[in-house]
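A.B. asks: My questions are about this predicted structure, shown below with the sequence.
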Amino acid sequence: MSVAVYPGSFDPCTNGHLDIINRSSKLFDKLIVGVLTNMSKSPTFTVEERIELLQSAVSAYPNVEVRSFSGLLVDFMREIDAKVVIKGIRAVSDFEYEFQMALTNKALYPELETLFLHTGQEYMFLSSSVVKEIARYGGSLKGLVPDELIPIVGKRCRMAE
């Protein structure tokens, strides 16, 4: 069984993330969306909320599972016996950082492979930070996050002011 992991903070999940999840889910028997718990960041949503939002957004994908992890990605990969990491790329600047991370992960876990997928053209500008900024000022999130998440993301980001 081929298993891949798509890691990220997903604070919140965007349609760009879903684009990568949708396409990755077709390439592997099982895709685990790994929600990173990073103590050095102050996310807008708790890890439990991010998992819940993602589970709602990926409910149509029977081979996609959402799990949290902390620490090194390679340790999580070993724990679940996965050898492929999916990384979404929007721009060259993303690639430079992610390429460095892929080489580091490969040095720590030689069996690991990183697959880079570019986001769809319509999502190349999109990031969780952009979504939160638009929501903070009451802008429309239509087309930026899954429809069912719009009221939740909008309300939380306006409260965070």
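C.D. replies: Received, thanks.
A.B. asks: quick one, helices of this structure?
C.D. replies: For the chain, helices defined by DSSP state H occupy the ranges 15-25, 47-57, 73-80, 92-108, 128-136, 150-159.
A.B. asks: so what secondary structure elements neighbour the shortest one?
C.D. replies: Contacts defined by 3 or more Cβ pairs under 8 Å, 6 or more residues apart in numbering; DSSP states H and E place helix 73-80 against strand 3-8, strand 30-37, strand 64-70, helix 92-108. Quick note: C-beta positions are derived from backbone N, CA and C, even for glycine.
A.B. asks: quick one on the thing from earlier: identify whichever of the helices of the chain lies nearest to residue 121.
C.D. replies: Each of those was scored for nearness to residue 121 using Cβ to Cβ, and the closest is helix 15-25 (10.0 Å).
A.B. asks: who does the closest one touch, helix- and strand-wise?
C.D. replies: strand 3-8, strand 30-37, strand 84-89, strand 113-118.
A.B. asks: Name the spans of the chain whose pLDDT lies under the cut-off.
C.D. replies: Segments of the chain classed as low confidence (criterion: pLDDT under 70) are 39, 160-161.
A.B. asks: Please name the spatially closest residue to the residue nearest the centre of it (chain neighbours excluded).
C.D. replies: The C-alpha lying nearest the average C-alpha coordinate of the chain belongs to residue 8 (Cα atoms, centre = their mean; 4.0 Å). On the basis of Cβ to Cβ, 6 or more residues apart in numbering, the spatially nearest residue to residue 8 that is not a chain neighbour turns out to be residue 36, at 6.4 Å.
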